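> Provided below are the primary sequence and the corresponding predicted coordinates.
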Amino acid sequence: MTTGTPKGIVHGHGGVLLDHHRLLGLQLDLRPGDRFLWFTTTNWMMCNLVVSGLLIGATVVLYDGSPTYPEPGRLWDIAAEHRAAVLGVSPGYLLASAKAGLEPGRDLDLSALRSLGCTGAPLPAQPYYWVRDHVGAHVQVASTSGGTDIVSTFAGGAPTTPVWAGEISAPVLGVALESWDARGSTAHRTASVLCNCREIARAVARTAGTYAAGSNSGLGATTDRAATTPAPLRTGAAAVVRGFFGSARRATA
């Protein structure tokens, strides 16, 4: 585990590979031929996910060094040099980039960058605005929540979901994610919640059907949000959703 005392975990290789194919190819929009850079150490679960980029047919970009040496924009430089389509960083790195006054979108060619993954800690609202204004409005911020115990994620982004500052966009495909308040009632917007994943097989069938039909509701993106929710920073765009076996459907936001 990445927190607390060490604990032994056994993962099923087949299930993890299938799950990473879904997570990278559908949620993070990684495509064959893309360059994939996610800054991680080898003792973190994200290293497994980086290697799984090869499942999609992407080229994995590895960096051995400090993300802020010899200057704070080191990862942005690497992403621009290698034309990364998907870049993964921590909330701390985005905050450090903003504090340093970096202008990656102005000073570097990040036109190939589509998705900016972020995990390891909660992502506050301010970096969302910073990415939009200083990296590029075309880049989707995909704040992600998961864990070493599943080597994957419970909630994150997708190319067809909107982005709200300070929030994770949606449950990932195949995860029946719920939040409960202190009274045990289902809640969607509470300060302190307990998440429960259940009925995975039925959830896969249900969400895959609505997703392929072109609706965001399969990802929980828009149907459960209160009317008082602020407008998203970025709306989901039409995207080609590729199946695991080469099929493709048009999904519309």
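Received it, and whenever you're ready, just let me know what you need. Residues are numbered from 1 along each chain as shown.
> use CA for all of it now, contacts and neighbours both
Noted.
> in stretch 79-91, what's buried?
79, 80, 82, 83, 84, 85, 86, 87, 88, 89, 90, 91 (16 or more other CA atoms under 10 Å).
> Take it, keep the C-alpha atoms, and write them as PDB.
C-alpha atoms of stretch 79-91 as PDB (Å, rounded to 0.1, in the frame of the first residue of the first chain):
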ATOM      1  CA  ALA A  79       6.100  16.900 -22.600                       C
ATOM      2  CA  ALA A  80       6.700  19.600 -25.300                       C
ATOM      3  CA  GLU A  81       9.900  18.000 -26.600                       C
ATOM      4  CA  HIS A  82       8.400  14.500 -27.000                       C
ATOM      5  CA  ARG A  83       4.900  15.800 -28.000                       C
ATOM      6  CA  ALA A  84       3.100  14.000 -25.200                       C
ATOM      7  CA  ALA A  85      -0.600  13.500 -25.700                       C
ATOM      8  CA  VAL A  86      -1.300  12.500 -22.100                       C
ATOM      9  CA  LEU A  87       0.700  13.900 -19.200                       C
ATOM     10  CA  GLY A  88       0.400  12.900 -15.600                       C
ATOM     11  CA  VAL A  89       1.500  15.100 -12.700                       C
ATOM     12  CA  SER A  90       0.700  15.700  -9.000                       C
ATOM     13  CA  PRO A  91      -1.400  18.600  -7.600                       C
END
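> Strands of the stretch 51-200 of the chain, residue ranges please.
59-61, 86-89, 115-118, 140-143, 145-147, 152-156, 170-171, 177-180, 194-197 (DSSP state E, counting those that start in this stretch).
> if you compare those strands, which one is most tucked away?
strand 140-143 (a mean of 29; mean count of other CA atoms under 10 Å).
> quick one: that strand to chain centroid distance?
6 Å (CA atoms, centre = their mean, to the nearest Å).
> With stretch 28-41 instead?
11 Å.
> what about that stretch, start to end distance?
20 Å (CA to CA, to the nearest Å).
> Not counting its own residues, what contacts it?
Stretch 28-41 has contacts (CA atoms under 8 Å, 6 or more residues apart in numbering) with 24-25, 46-47, 50, 53, 56-63, 67, 79, 82-89, 115, 117, 142, 157-159.
> buried set for it?
Quick answer for stretch 28-41 (16+ other CA under 10 Å): 28, 29, 30, 31, 34, 35, 36, 37, 38, 39, 40.
> Could you report the pLDDT at the fifth one?
Okay, so that is residue 34. Here, the pLDDT recorded for residue 34 equals 97.
> From residue 160, how far out is it?
19 Å.
> before we move on, back to that, how about the buried residues of stretch 79-91 in a markdown table, adding distance to residue 132?
A markdown table is the format used below for the buried residues of stretch 79-91 (distance: CA to CA, whole Å):
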| residue | distance to residue 132 |
| --- | --- |
| 79 | 17 |
| 80 | 17 |
| 82 | 21 |
| 83 | 19 |
| 84 | 17 |
| 85 | 16 |
| 86 | 16 |
| 87 | 15 |
| 88 | 16 |
| 89 | 16 |
| 90 | 16 |
| 91 | 15 |
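> SS state for residue 37?
For residue 37, the assignment made with DSSP: H, G, I helix; E, B strand; the rest coil gives strand.
> which residues does it bridge with?
Beta-bridge partners for residue 37, by DSSP bridges, are residue 61, residue 87.
> ok, it to residue 75 distance?
9 Å.
> just residue 27 next, same as before
Residue 27 is 22 Å from residue 75, by CA to CA.
> and if you look at residue 24?
20 Å.
> now residue 30
Counting by CA to CA - residue 30 and residue 75 are separated by 18 Å.
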